[in-house]
Structure formats: structure tokens, C-alpha cells
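1. Sequence plus the predicted model coming up.
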Amino acid sequence: MGPRKRPNPSECNDAVSRLYPHINEKRTPLPRYFSREDKCDHLGLSTDCLTVTYRGLGTDKNHKDAGSVRTVCPIPPGVGIYYFEIYIVSKGRDGYMGIGISPQSQNNLNRLPGWDKDSYGYHGDDGNSFCSKGSGQSYGPTFTTGDTVGCGVNFVQRTCFFTKNGTNLGAVVNDLPLKPYFPTVGLQTPGEKIEANFGQKPFVFDVSDLKLELRYTINRAVSSRPVNTSQLHSIVSSYLIHRGYSKTAQSFAKHTDVPVSDGMQSIENRKLLEKLIMEGKITEALRVTEVLYPNLLTENSKLQFHMKCRQFVELVCGSEDAIEEATATGTTDSSNGDLNGTAQQEIDSVRDCGDDNQVNGEARHSSSGECSGTGRVLSNGTEMGSAPNGDSRQRAMTETSLVQSLGDEFDVSSEMDLDSNSSHSNAHQEMNESSNLSSEDARIMQAIFLGRKLRSLADDVIAAGDCNTENMEKHLLEVFGLLAYQKPGEVALKEALKPSDRESVRNMLNGAILHSHNMSTDPQLQTLLTQSAACLQEMTALGIPEAAFIGISDIFN
């Protein structure tokens, strides 16, 4: 058995983090390598601080020749179980080597681990264990060149154990004080050399079985605790009502005597709106919201802004429902129904450029702007399209110009009622009279008017102080930037249509409706789960080892 190939540093960091996913290393960092400062002068370290070599004379064969080195960071007790290994590259002259743990209070590093208070070690020359004193106890086999020796700390059961070549040798202490300890290695005679593994590569000993056993024991203890049935029923009912499961909520109420706090009609209304949003029918969702809750959007400009943003995304990305709405209604949002002015010119410009038609071997030109042959061009010269795999800086400039053009091309300060029934009627009538617009033309025209409204809404939200200005502008840039793509199948457009984005809008609307009814915007179950996760993180940071093995999903499953 020889030393294995070292992975690169980034792989090391990821591998160690995966062993302890519940640990927040910003608060409690994990041991990853030995310290150049916290070591005896007899020892030398490799560049990566993982290989230790004895550099002393080692002539007297007493403790003055011994030297130890500790890791930079101690083991946080919140890990639950911690384990590391060393590979014996060479036993040197006598093999007076030791592996173990030591506390920060141990200042004398001219010692092997286990010789001082609250220090525990396993030595290779005699196989003895040392527990806070200089005299050892018979424990396990000796170890030499080619062996892999490990040290584990079980903070839950308060034990420290050692392994040799993948075999657990048992605990050396059963009442380990609960405090941070440093992984420690000691050498004493010339030629001794070890290589440490803190999890950057697979261990010889499989520590996962010990972790699974603790997880099962602790979760069983948590699950066996008594539960207040009435509180549990209230939590379940709250969740069913919040998610709009009206029939299930009614049935549950009959069997538990927990009244449905929200009326059935209100639940059905929210279910309808949820269905429309998740299907991408944002225009219809806006109309229904105005009918069922007339003042909700006007009193919540931030909600209105995010719903309009989603409407814009669905429209530009050309989802089936958005196209159907565009062809059926033409434009739902317009000021005076003027389809023969700037907006119609923009449509002609985009259509001419997008079709890539050639006249006498040259790209066609519209009255409102030029066609580059590579994308959409606004009348002010702003190119709206570029190759999907083009230069990212060029695309960023295109998106920025697009945001500016939506404000410059139209008079954003003029009022425009995008949800006015009369405006919709006038626009629809004039659209039928002027020309038969294709679905693509109708969608582009809607995008222009929606973009104008979004800019105005964003200014209102920013002025009201309801958001971070930088985040709002960034969100607008991302939304308007979708116009730079020509094909609905492009990756950026597929990303924009992922369900999680629709869910975000759905949750905002649902929460606003519940809030208007003086109900909690989040179900009790969600609040409890969030609080429980936060509590577990805090327990881990405070060094409560049991928290490492409590999984919320494990309890519910």
C-alpha cells in the first residue's frame, strides 16, 4: 500500500466539505492541514502542509527529541464524529511515532500526543495508548512503514478511537471532555515521515457506518417524543389552506374538528390564480386579480412589478399560452391604441431584420432603423439581437442599450393605463382594421408596451423605497435582455421559463392575498421548518454534537 495521488486543492476543499455538510466553516472552520507555527522545531512540513518529516538529531531517545505538530484549526464538536488518517511513508530509525488529539492549552510541543492533560494518542513503537499521562496502556498492534493509521473523535458518545489499515481498534477513553481538539502527530527519531489525510481523499477506514448508527439512534429519540395533537392538526390545516387544497382541508376539518380559517371561496380564488400563473397565463392572472381583489395590485406596486415582469418574460419567450393571448387580444396594454405610430414601425423593423430577407443582395431597411442581418434593431439604432454564443461583453452592452432604449424610444413620463378595458378595446379594434398581425408581431408590440410600463413601475417602486435600487435595475436588465435572443429554444429563454421563477411570483401573490385577509403569508409548517433548520445550524455552531445527525427530512420520512 503506497501513498495515493494528491488531488488538486479545489478538489480537496470540496471533498472535506462534503464530509461535514452541516458545518458552516465561516463560523467553525474544519482542520485541513498542519500549522507551520504550531509545531516543534524538530519537524519539517511539505509545501501543502500535509507531509511531516523528522528533522532533529534524535540521539538521546528521550522525550526531548520528540516533536509534535497540530492543525491550524481545531475540530469543532458540532461535527458529531470527526476522523483523520496518516500514512506511514517511513518509520525511520525506531518508529517512535504517535497520532492523536491535543487541546489548545498544551503549549509544550516537545511531546508525543497523549502525554499531557486532555491529550490522547496511539504510538507505533509499542502499540500502546496514552491518555493524559506519560505511561501507556496496552491497546493495539504496532505500526510501521506502509501502514495507514487513523484517529476518530465521537463527540456524541464522548469517545476517542484509533484504527489501523481500516480496522477499528476500539475506544481509548469513554468520558472525553467536550471541547475543541487539534489533530496531532508526533515523531521522535531520524527518517520518520508521515502523510496526513483530513478527508481530501477517501479514507481506508469507512467511518460512514458509525455516522449512520448515530443518525438512526438520535432521530429515533427525537421522533419518539410526545406531540401535542391539537397543535399538529392546526399546523396541517394551515398548510392545506395556504396551498389551496380546499377539499382536503374540508375533509380534514370534519375528522379533526379544526375549523377552516379561510373561506372556501377564497381558497378557490387563490387556486385559480395559482393555476394561471404556473401555466404561464400571467395576463389572465392579472385580470382575475383585478376583478377579485380590486385594490391589491394598486396598493402593492412591488407585487404588480414582479407580475408584469413575469408577463413580459412569458411574452418574449414565446410560451404557448403567451402566444395564444397575443394573437387573441392583440395588446392588452396600450395608451391610445395607436398601432400605426412608433410601435408599428418597430414591429416592421424587427420583422424585416428577423426574417433576414435580402433585397438586391443587401439587408432590407425600414423607416425606423437599419437591419444588421444578425438581430433586431430599434429605430434609435440599438441592435436587439446577437449570436447566442457571442461575446458576453457585447451582449451585456446590447442589454444595457435595450433598457435605455425602452425609456428613450417612448415618453415614459406620459401616463399609460395598461389594464384599461377601453384601451384594450381600442387597440384590438384598430389592430383588426389596420392589418392582420402575426403572432410574432403581436408579441413584439406587447413587449414594447409592457417594457415601457415596467420601466415606469420600477421607478414607482424605487421611489417608494420598497426595494434595493441596484437589484431592481439588475432585474430589469435581465428581463429586457431576453429581447436580444431570436430563437425561443435558446438556453437563456428556457432558463427564464423554469417553474421556480413562476413559483416565486405565485408565492408573492398568494402571500399578498393572505396578508390582505389578516392571515400569515407563510403556513405554520413552513415557518416551523425554517426555524428548526436555523436552530440546528446554531446548535452545530455552538458545539452541540447531536445536531449533526438530526435531519428534518429524516424525521418526516
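-> Nice, thanks for sending it over.

2. Output the below-cut-off pLDDT ranges for the stretch 401-550 of the chain.
-> The stretch 401-550 of the chain contains residues with pLDDT under 70 at 401-440, 443, 486-497.

3. at 50 what do you get?
-> Low-confidence segments of the stretch 401-550 of the chain (pLDDT under 50): 401-435.

4. same deal with the chain?
-> Along the chain, the parts satisfying pLDDT under 50 run over 1-11, 320, 322-435.

5. Check it for its longest helix and report it.
-> In the chain, assigned by DSSP state H, the helix with the most residues is helix 439-464.

6. And that helix, how far out from the chain middle?
-> 30 Å (Cα atoms, centre = their mean, to the nearest Å).

7. May I see the buried residues of that helix?
-> Within helix 439-464, the residues scored as buried using 16 or more other Cβ atoms under 10 Å are 440-459, 461-462. In this view, the C-beta of every residue, glycine as well, is placed from N, C-alpha and C.

8. repeat for stretch 122-129
-> Tyr122, His123, Gly124, Asp125, Gly127, Asn128, Ser129.

9. Just give me the closest of these to Asp466.
-> Checking the buried residues of stretch 122-129 against Asp466 by Cβ to Cβ gives Tyr122 as the nearest, at 61.7 Å.

10. Is the closest one bridged to anything, and to what?
-> On DSSP bridges, the residues paired with Tyr122 through beta bridges are Ile99, Ser129.

11. Could you check how far it is from Tyr87?
-> Distance, Tyr122 to Tyr87, using Cβ to Cβ, to the nearest Å: 15 Å.

12. Counting residues, which strand of the chain comes out longest?
-> Determined from DSSP state E, the single longest strand within the chain is strand 81-91.

13. Just name whatever secondary elements the longest helix of the chain is in contact with.
-> With contacts taken as 3 or more Cβ pairs under 8 Å, 6 or more residues apart in numbering; DSSP states H and E, helix 439-464 sits against helix 301-317, helix 320-329, helix 342-355, helix 392-408, helix 469-480.

14. Go ahead and confirm Ile267 touches Ser246.
-> Yes: between Ile267 and Ser246 a contact is recorded at 4.3 Å, counting by Cβ atoms under 8 Å.

15. distance between the longest strand of the chain and the chain's centre?
-> In terms of Cα atoms, centre = their mean, the centre of strand 81-91 is found 34 Å from the chain centre.

16. Could I get the contacting residues of Val204?
-> Contacts for Val204 were tallied using Cβ atoms under 8 Å, 6 or more residues apart in numbering; they are Glu85, Thr148, Gly150, Thr163, Asn165, Gly166.

17. Sticking with the third one, tell me its helix or strand.
-> So that's Gly150. Here Gly150, judged by DSSP states H and E, is contained in strand 148-154.

18. Please state the offset of that strand from the chain centre?
-> Strand 148-154 sits 32 Å away from the centroid of its parent chain (Cα atoms, centre = their mean).

19. how close does Phe312 sit to His306?
-> 11 Å.

20. Who has more neighbours out of those two?
-> Each of Phe312 and His306 has its neighbours counted (other Cβ atoms under 10 Å); Phe312 has more, 25 against 19.

21. Now that one: closest residue in space, sequence neighbours ignored.
-> Counting by Cβ to Cβ, 6 or more residues apart in numbering, Phe312 lies nearest to Leu450, which is 4.7 Å off, once chain neighbours are set aside.

22. how far away is Lys179 from Gly146?
-> As defined by Cβ to Cβ, Lys179 lies at a distance of 34 Å from Gly146.

23. what sits against Leu476?
-> Cys309, Val403, Leu454, Arg455, Ala458.

24. wait, the third one sits on Val479?
-> Which is Leu454. Yes: look at Leu454 against Val479 with Cβ under 8 Å: they come within range, at 7.2 Å.

25. Can you list the neighbours in contact with the strand holding Gly150?
-> In contact with strand 148-154 (Cβ under 8 Å, 6+ apart) are residues 1, 75, 80-88, 99-101, 122, 124, 143, 159-166, 171, 176, 181, 183, 203-205, 207, 210, 214.

26. Return a ChimeraX selection command for the buried portion of the residues you listed.
-> Applying 16+ other Cβ under 10 Å to the contacts of strand 148-154, the buried members can be selected in ChimeraX as follows:
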select :75,80,81,82,83,84,85,86,87,88,99,100,101,122,124,143,159,160,161,162,163,164,171,176,181,183,203,204,205,207,210,214
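
27. Using CSV, write out every CA atom in stretch 97-115.
-> Presented in CSV, the C-alpha positions along stretch 97-115 are these (Å, rounded to 0.1, in the frame of the first residue of the first chain):
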residue,chain,number,x,y,z
MET,A,97,5.6,7.9,16.1
GLY,A,98,2.3,8.9,17.6
ILE,A,99,-1.1,10.0,16.3
GLY,A,100,-3.9,11.6,18.4
ILE,A,101,-5.5,14.8,19.6
SER,A,102,-4.5,17.6,21.9
PRO,A,103,-6.1,20.7,23.4
GLN,A,104,-5.1,24.3,22.7
SER,A,105,-3.8,24.5,26.3
GLN,A,106,-0.9,22.2,25.5
ASN,A,107,2.0,24.6,25.0
ASN,A,108,4.9,22.1,25.1
LEU,A,109,5.2,20.6,21.6
ASN,A,110,8.4,18.6,22.5
ARG,A,111,6.0,15.7,23.4
LEU,A,112,4.2,12.9,21.6
PRO,A,113,0.3,13.1,21.7
GLY,A,114,-1.2,11.5,24.8
TRP,A,115,1.5,12.6,27.3
